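Peer 1: Let me see the structure of the following:
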Amino acid sequence: MAEIILFTPKSELDAAANLKGFVDMCSNKLTVFGSELPFQDNVWDVTESVKTKGKGGKRERIKFSNAATIDETEPEMMREPFLSFAKAYVRYMHGMRPTKAIHQRMAALRAIEAALLEAGITPDPVKIDSRVLNRAAQIVTDRFGEGTAYRVGGQIELAAEFLVENRLTSIPVRWHNPIKRPNSAVRVGKAFDERRAEKMPSLTALDALPRVFQLASEPTDVITASVAAILLSAPDRISELLMLPESCEVREPRKGKEDAYGLRWWPAKGAAPMVKWVVPSMSSVVEDALQKIRSITEEARRISHWYEQNPRQIYLAPEVTHLRGQKWLSLDDISEIVGFSGRSAASTWCKANTIKTTQHEGQGKLVFARFSDVEAAVLAMLPSEFPILDKDTGLKYSKALFVVRRNELGAQRGTYRCVIEPIGLGQINTGLGSRTAHGFESIFTRLGFTEPDGSPIAVTSHQFRHYLNTLAQAGGLSQLDIAKWSGRRDIKQNEAYDHVTSGQMLQKIRDAVGGDQMFGPLAELPKKVLIRRDEFARLVVPTAHTTDLGYCVHDYTASPCQLHMDCIHCQDLVCVKGESQKEALLRNRLSEAKGLMEKAQAATGEGYSGSDRWLDHHRSTVERLTQLCSIIDNPAVPNGACIQLATPAMPSRLDQLTERGRLKTEDEKPRLPDNIKALLGE
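Peer 2: Predicted coordinates for the structure are as follows:
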């Protein structure tokens, strides 16, 4: 474990001197990312320190490039002295506040350096002020989507706090992230449509995936399509799926019914291990997908098991076992052992792995290498923590479902016969089309599927999770059940995955009006009319939009809102049981209303003018909120039920205006002072 050293600035030094001391401490004394970390290098390999599941054999590297050239093949590095500060800050903060999203921290630093350069200032952290930080926030907003921009903005705020607290800027500045957190509650407008399209797979992709699942024949296509099939059976994270053991299936007998079928699951974000039951309609698909995956990955598990039993020896396929014990291997022998096609590839591999080759006398031009050197090079290519794939669960490579021979899913490189690797997230997303713009084929392009406009189909593994969560929300599944199904610890996290459209919510309310899921005045009316209930529902609920407490079904084509910001007194308010955030807000409103009612009662007792009207209003508010909360808390009311309160007994607007504008008698008129009367001629 890395030793943590706390940096303490010296009050007698200026910002530049404190900055120099901070960089010196981080480069010479800290051991975060390893004591052998080459601090002077501009690219750090931090794979052993930043553990992220599902990355396969991909290395985790930090590249200290600037914002302008980050996407180029050979990007430029940050300029000094900001470069040294960035290195020191990343190393120090990973010891104090480690994060797996380390690239968001780097994005924040790149934006700050870019803002300094735009201002014509030497990229020196000492010169950072609120103007520079505001510009950095704008750069982040322009470059990233709403969610990522908000999180990177938070990293800018964290860096600003660090600079001030440690006296590293000439002018102390208190700066807060101005980038707003995305509001997922709004369900209308262009922003919602764009967010939904970004988070959800397209209808074309959903239509193509079943056919791709049946047509796929190449190993990479079979694995990708099978992963998609499993992800469409339950809202799983791809990192969780890629850590499944080979024996992950569970069958539980049910009396008088078909056996329940599910998968053993280890949620990635803290929820307890669980069995995720698969709906009967998808169970056969998941079984088929698992069988296809096992058929491709079986050989890699067998090789992994061999290495567990023989950790210091190279694995040899059955047809080349006779080569074990030989001192020298020809290039042809190496090709057969490793899995190359031809001497040229074997020679190139030897050079890349610094394996010394030689020609023996009497052997003509044949090239040989020592068996021990080849064996050492192959053993060095095994995963760094072999035989353990997942430290959290103790899963070994020999028991893992998603393990293959190296390059087995790559179309451009030969498959190693003696080296294994885990399947990574990047390989799955590439197969789903995330890199088609960069020339990488997907399962869709290889099999001839495109969007209606001819553009390539592209899906990400996480979009399936958003899709299934939205289906569950639209179907009325309770927030607790959605959280459990998705492997979450907090139901508040459901909101980010809810992309139910206003049209879907409107249809849900209409269905409730015509069925037994409606509580309130509209629940009785369909029984008294002589038209079909669905026609009636369309007549009385022509539209609906989201409010902070529920949904408003007021028809704005008939009249504007008469009760602005007083939804609780409106009969057009419809609340849906099971929406946890709105229910929590209802209870907060009830608590506030009770407090205001007590204040109004005290004011009325003291004879304040108009306090009696406020008391009536707050009393009515408390009564209606209490009624609504009691219905929500009633166990007889199912989750997903639509609740509407009756019209409150309130005076009409005309009565209120008459009361305010009534004529006063002569005795009620205010008396004027004598000097004012003289001026008026009275």
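Peer 1: How about residue 488: what's its closest non-neighbour residue?
Peer 2: Setting aside the residues directly before and after it, residue 488 is nearest to residue 271 in space (C-beta to C-beta, 6 or more residues apart in numbering), at 6.2 Å. (C-beta placed from N, C-alpha, C; glycine too.)
Peer 1: tell me the SS of the one you found?
Peer 2: Assigned with DSSP: H, G, I helix; E, B strand; the rest coil, residue 271 falls in the coil class.
Peer 1: My understanding was that it contacts residue 491; is that so?
Peer 2: No. Residue 271 is beyond contact range of residue 491, at 11.8 Å (criterion: C-beta atoms under 8 Å).
Peer 1: Between these two, which is the more surrounded one?
Peer 2: residue 491 (19 against 16; other C-beta atoms under 10 Å).
Peer 1: helices or strands up against the host helix or strand of residue 428?
Peer 2: For residue 428, the host element (DSSP states H and E) is helix 425-431. In terms of contacts (3 or more C-beta pairs under 8 Å, 6 or more residues apart in numbering; DSSP states H and E), helix 425-431 is packed against helix 219-231, helix 238-241, helix 461-474.
Peer 1: buried sites along it?
Peer 2: Neighbour counts over helix 425-431 (16 or more other C-beta atoms under 10 Å) mark 425, 427, 428, 429, 430, 431 as buried.
Peer 1: now swap in stretch 566-585 and tell me
Peer 2: Neighbour counts over stretch 566-585 (16+ other C-beta under 10 Å) mark 567-580, 582-583 as buried.
Peer 1: Tell me the one among those nearest to residue 39.
Peer 2: residue 580 (47.5 Å; C-beta to C-beta).
Peer 1: after the helix holding residue 428 comes which helix or strand?
Peer 2: Counting by DSSP H and E, what follows helix 425-431 is helix 443-446.
Peer 1: what's that next one in contact with?
Peer 2: For helix 443-446, contacts defined as C-beta atoms under 8 Å, 6 or more residues apart in numbering pick out 205, 208, 212, 216, 218, 220-221, 224-225, 431-433, 436, 450, 456-457.
Peer 1: all helices in the stretch 251-400 of the chain, in order from the N-terminus.
Peer 2: Ranges of helices in the stretch 251-400 of the chain, per DSSP state H, counting those that start in this stretch, are 280-309, 331-338, 343-352, 371-380.
Peer 1: Reformat these into a markdown table and put distance to residue 466, mean neighbour count and mean pLDDT next to each item.
Peer 2: Output for the helices of the stretch 251-400 of the chain, formatted as a markdown table (distance: least, C-beta to C-beta, whole Å; neighbours: other C-beta atoms under 10 Å; pLDDT from 0 to 100):
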| stretch | distance to residue 466 | mean neighbour count | mean pLDDT |
| --- | --- | --- | --- |
| helix 280-309 | 18 | 17 | 94 |
| helix 331-338 | 42 | 21 | 92 |
| helix 343-352 | 42 | 16 | 91 |
| helix 371-380 | 41 | 17 | 94 |
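Peer 1: Please identify which of those is closest to residue 33.
Peer 2: helix 371-380 (21.2 Å).
Peer 1: which one of the helices of the stretch 251-400 of the chain lies closest to residue 484?
Peer 2: helix 280-309 (17.8 Å).
Peer 1: by contact count, what packs against that closest one?
Peer 2: helix 219-231, strand 257-265, strand 403-405, strand 420-422.
Peer 1: Who are the packing partners of the second one?
Peer 2: Applying 3+ C-beta pairs under 8 Å, 6+ apart, one finds that strand 257-265 makes contact with strand 249-254, strand 274-277, helix 280-309.
Peer 1: number of nearby residues for residue 254?
Peer 2: Count around residue 254 with other C-beta under 10 Å applied: 9.
Peer 1: Check the one 4 residues further on too.
Peer 2: Other residues within reach of residue 258, judged by other C-beta under 10 Å, total 10.
Peer 1: what does residue 403 give?
Peer 2: Other residues close to residue 403 by other C-beta under 10 Å number 27.
Peer 1: what's the distance between the closest residue to it other than its chain neighbours and residue 219?
Peer 2: Of all residues not flanking residue 403 in the chain, residue 300 sits nearest, at 4.6 Å (C-beta to C-beta, 6+ apart). The spacing between residue 300 and residue 219, counted by C-beta to C-beta, to the nearest Å, is 11 Å.
Peer 1: Next, show the common contact partners of these two.
Peer 2: With C-beta under 8 Å, 6+ apart, residue 300 and residue 219 have common neighbours 404, 408.
Peer 1: Okay, domains of the chain per the record?
Peer 2: 15-165, 203-297+424-468, 312-380, 501-652 (automatic domain parsing).
Peer 1: Which of those domains sits closest to residue 401?
Peer 2: If we rank the domains of the chain by C-beta to C-beta, the stretch that ends up nearest is domain 203-297+424-468, at 4.7 Å.
Peer 1: Where does residue 626 fall, secondary structure wise?
Peer 2: Per DSSP H and E: helix 611-633 holds residue 626.
Peer 1: Just checking the distance from that helix to the centre of its chain.
Peer 2: 39 Å (C-alpha atoms, centre = their mean, to the nearest Å).
Peer 1: Show me what it is packed against.
Peer 2: helix 580-605, strand 642-643.
Peer 1: Ranked by average pLDDT, which of these falls at the bottom?
Peer 2: Of all the helices and strands packed on helix 611-633, mean pLDDT reaches its minimum on strand 642-643 (a mean of 83).
Peer 1: follow-up on the earlier one: the residue nearest to residue 403 touches residue 409, doesn't it?
Peer 2: No. Look at residue 300 against residue 409 with C-beta under 8 Å: they stay out of range, at 10.8 Å.
Peer 1: How about the contacts made by residue 28?
Peer 2: So residue 28 contacts nothing (C-beta under 8 Å, 6+ apart).
Peer 1: quick one: it and residue 46, what's the gap?
Peer 2: In terms of C-beta to C-beta, residue 28 sits 19 Å off from residue 46.
Peer 1: Next: residue 137.
Peer 2: In terms of C-beta to C-beta, residue 137 sits 27 Å off from residue 46.
Peer 1: Look at these two and report which has more neighbours.
Peer 2: Between residue 137 and residue 46, residue 137 has the larger neighbour count (other C-beta under 10 Å), namely 23 against 19.
Peer 1: For the helix or strand containing the more buried one, name the packing helices and strands.
Peer 2: If you go by DSSP H and E, residue 137 is part of helix 130-143. For helix 130-143, the packing partners by 3+ C-beta pairs under 8 Å, 6+ apart come out as helix 102-118, helix 146-165.
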